[in-house]
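>>> Coordinates for the following, if possible.
(2 chains)
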Amino acid sequence: MSKALIDLVKKQFGAAVLESHSLFGDDTLVVEASAWRDVSGFLRDDPACQMDMLTDLTAVDYPEREPRFEIVAHFYSLSKGHRLRLKTRTGDEEGDDAEVDSLCEFWASANWMEREIFDMFGVTFKNHPDLRRILLYPEFEGHPLRKDYPADKIQPLIAYRDVPNIEKIAPFSVDEGMSFGRQTHTQPRHDTDDSSVN
Amino acid sequence: MGELKSSSTQIIEPGGAGGAGFATTRLDAVLAWAQKYSLFMYPFVTACCGMEFMSVSSPRYDFSRFGSEAPRFSPRQSDLLWVVGTITQRQAPILKRIYEQMAEPKWVLAFGTCASCGGFYDNYACVAGVDKVIPCDVYVPGCPPRPEAVLDGLMLLQDKIQSGNRTPAIVKPRQDPVVEPNVGLVQLRKSRTSVA
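Numbers count the residues shown, from 1 in each chain, chains lettered A, B, ... in the order given. This next block holds a predicted model:
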């Protein structure tokens, strides 16, 4: 059913479609970042698509890839009852010039979701009406859902009390807890004595 | 009045037993006795522990038995700050301001693991325990704590108020009567007919 949708978009934006797959009703299109706005507008306005609902808009960080971020939008058509996932890729290795067009002009729900992506990943959205942090405070530096943000780095808004032993105590030892997050720590969380091993 | 029978308290009955008597005590002891049974509370409820807080405050567990039922949603009128739930970095200045607005004497109870030490929220967004920001008197561990643990924490705080001890205290786990048989199981009614 939605395979027809993918073919329709491919026919319209053939050169801009990077990949697509359709499996068990799970339909995905990956498009060029430059075509992000046009494809989204087409999906909303075309009588065969009528994607009148933006269910979700989020991002994924793949630090090993170039472009680094994948912006993921989930569309649903209330009138037609079909769904489509649209992705695009943006951002260099440092994640600096990550920028795509805002979808706020098509779906009002994109406003806050794009602000969340900006907050968590540092992807900017062109022509967004009010692009600023939505969950974190303005003083926060960096973007915590980037894979290179240290998992145990905190940025307190107010100074901690001036008493001994107030520093954060690691709740887990080295072999416990979120090992996947520790791989990107700038500094080792626990002092490991390598000299005894060698 | 049992709490006043300390070494500093003396009950004198001049007319013999049953006669009209009087008691002597220290002023700070009677003041602490009054304070510990009139803990006006400020519930700073941010997360799921609030459900358990509602349970403790509702009739089944009913912490009004301990004289602490009156909520005052103005920090200026409250004595006990209940920090119930996770405190994020963004919430921390608000919590600190609430604490600073409370008039002395004031006490803080950290309700649940998140308020006590951050729990598993080992991340960029959360404060690893309210004691990073404000001094804390009693910690009630649990995720969320059982209402019995909260009552234990409240009674622990009352003991601390009576003794004037401001060192932080942690509620210890209760003994499980199943695991520890010497505690003694409460015999539950098996059916309606079996109870004489």
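>>> And chain B, is the lengthiest helix in chain A touching that?
Ranked by number of residues, the top helix in chain A under DSSP state H is helix A:110-121. No. Between helix A:110-121 and chain B, judged by Cβ under 8 Å from any Cβ of the partner chain, nothing touches; the nearest distance is 10.0 Å. Quick note: C-beta positions are derived from backbone N, CA and C, even for glycine.
>>> Which neighbouring elements make contact with that helix?
Packing partners of helix A:110-121 (3 or more Cβ pairs under 8 Å, 6 or more residues apart in numbering or on different chains; DSSP states H and E): strand A:53-61, strand A:124-126.
>>> residues of it that come out buried?
Residues A:Ala110, A:Asn111, A:Met113, A:Glu114, A:Arg115, A:Glu116, A:Ile117, A:Phe118, A:Asp119, A:Met120, A:Phe121 are the ones in helix A:110-121 that count as buried (16 or more other Cβ atoms under 10 Å in any protein chain shown).
>>> farthest pair in those?
Greatest spatial distance in the buried residues of helix A:110-121: A:Asn111 and A:Phe121, 16.4 Å, computed using Cβ to Cβ.
>>> Now the one residue in chain A that gets nearest to chain B: closest residue in space, sequence neighbours ignored.
Using Cβ to the nearest Cβ, A:Pro144 is the residue of chain A that sits closest to chain B, at 4.2 Å. If you skip the residues right next to it in sequence, A:Pro144 has B:Tyr124 as its closest partner in space, 4.2 Å away by Cβ to Cβ, 6 or more residues apart in numbering or on different chains.
>>> Contact partners for that neighbour?
B:Tyr124 sits next to A:Pro144, A:Tyr149, A:Lys153, A:Ile154, A:Gln155, B:Gln89 when contact means Cβ atoms under 8 Å, 6 or more residues apart in numbering or on different chains.
>>> Show me what the helix or strand hosting B:Val56 is packed against.
Assigned by DSSP states H and E, B:Val56 belongs to helix B:49-57. Under the contact criterion of 3+ Cβ pairs under 8 Å, 6+ apart, the helices and strands touching helix B:49-57 comprise strand B:41-45, strand B:80-84, strand B:107-111, helix B:112-117, helix B:147-163.
>>> shouldn't B:Tyr136 be in contact with B:Val108?
Tyr isn't right for residue B:136; it's Cys. Yes. Using Cβ atoms under 8 Å as the test, B:Cys136 is close enough to B:Val108 to be in contact (4.8 Å).
>>> what about the residue of chain B found nearest chain A, distance to A:Asp38?
Nearest to chain A in chain B, going by Cβ to the nearest Cβ, is B:Tyr124, at a distance of 4.2 Å. Distance from B:Tyr124 to A:Asp38, counting by Cβ to Cβ, to the nearest Å: 36 Å.
>>> now the helices and strands packed on helix A:110-121 in TSV, with mean pLDDT, distance to B:Phe53 and mean neighbour count?
Formatted as TSV, the helices and strands packed on helix A:110-121 follow (pLDDT from 0 to 100; distance: least, Cβ to Cβ, whole Å; neighbours: other Cβ atoms under 10 Å in any protein chain shown):
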stretch	mean pLDDT	distance to B:Phe53	mean neighbour count
strand A:53-61	93	33	18
strand A:124-126	92	40	17
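>>> Put together CSV for the ones you listed, with distance to A:Gly81 on each row.
As requested, the helices and strands packed on helix A:110-121 are arranged in CSV below (distance: least, Cβ to Cβ, whole Å):
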stretch, distance to A:Gly81
strand A:53-61, 11
strand A:124-126, 29
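>>> for the residue minimising distance to the centre of chain A, what are its contacts?
For chain A, the residue whose C-alpha lies nearest the mean C-alpha position (Cα atoms, centre = their mean) is A:Ala59; its distance is 1.4 Å. Going by Cβ under 8 Å, 6+ apart, A:Ala59 touches A:Phe69, A:Glu70, A:Ile71, A:Val72, A:Ile117, A:Met120, A:Phe121, A:Val123, A:Leu145.
>>> now swap in B:Arg90 and tell me
A:Leu136, A:Tyr137, A:Leu157, B:Ala125.
>>> pLDDT score assigned to it?
Confidence at B:Arg90, expressed as pLDDT, is 92.
>>> Give me the below-cutoff pLDDT ranges for chain B.
Scanning chain B for pLDDT under 70 picks out the ranges B:1-9, B:13-20, B:177, B:180-196.
>>> So which residue is smack in the middle of it?
The centre of chain B sits closest to B:Leu154, judged by Cα atoms, centre = their mean, with a distance of 1.9 Å.
>>> nearest residue to it other than its sequence neighbours?
Spatial nearest neighbour of B:Leu154, excluding adjacent residues (Cβ to Cβ, 6+ apart): B:Phe66 at 5.4 Å.
>>> can you count the residues close to B:Met102?
Burial of B:Met102 is recorded as 22 neighbouring residues (other Cβ atoms under 10 Å in any protein chain shown).
>>> State the distance from the residue nearest to it when sequence neighbours are not counted to B:Leu151.
Distance criterion Cβ to Cβ, 6+ apart; nearest residue to B:Met102, sequence neighbours excluded, is B:Pro75 at 4.6 Å. As defined by Cβ to Cβ, B:Pro75 lies at a distance of 24 Å from B:Leu151.
>>> Next: B:Ser74.
Between B:Ser74 and B:Leu151 the computed distance is 25 Å (Cβ to Cβ).
>>> who's more crowded, those two?
For the pair B:Ser74 and B:Leu151, the greater number of neighbours falls to B:Leu151 (19 against 11), based on other Cβ under 10 Å.
>>> so how far is B:Val56 from that one?
Between B:Leu151 and B:Val56 the distance is 7 Å, computed by Cβ to Cβ.
>>> Now for these two: what residues contact both?
Shared contacts of B:Leu151 and B:Val56, defined by Cβ under 8 Å, 6+ apart, comprise B:Phe63.
>>> shared neighbours, B:Cys136 and B:Val108?
Any residue near both B:Cys136 and B:Val108 by Cβ under 8 Å, 6+ apart counts here, and that gives B:Val83, B:Val130.
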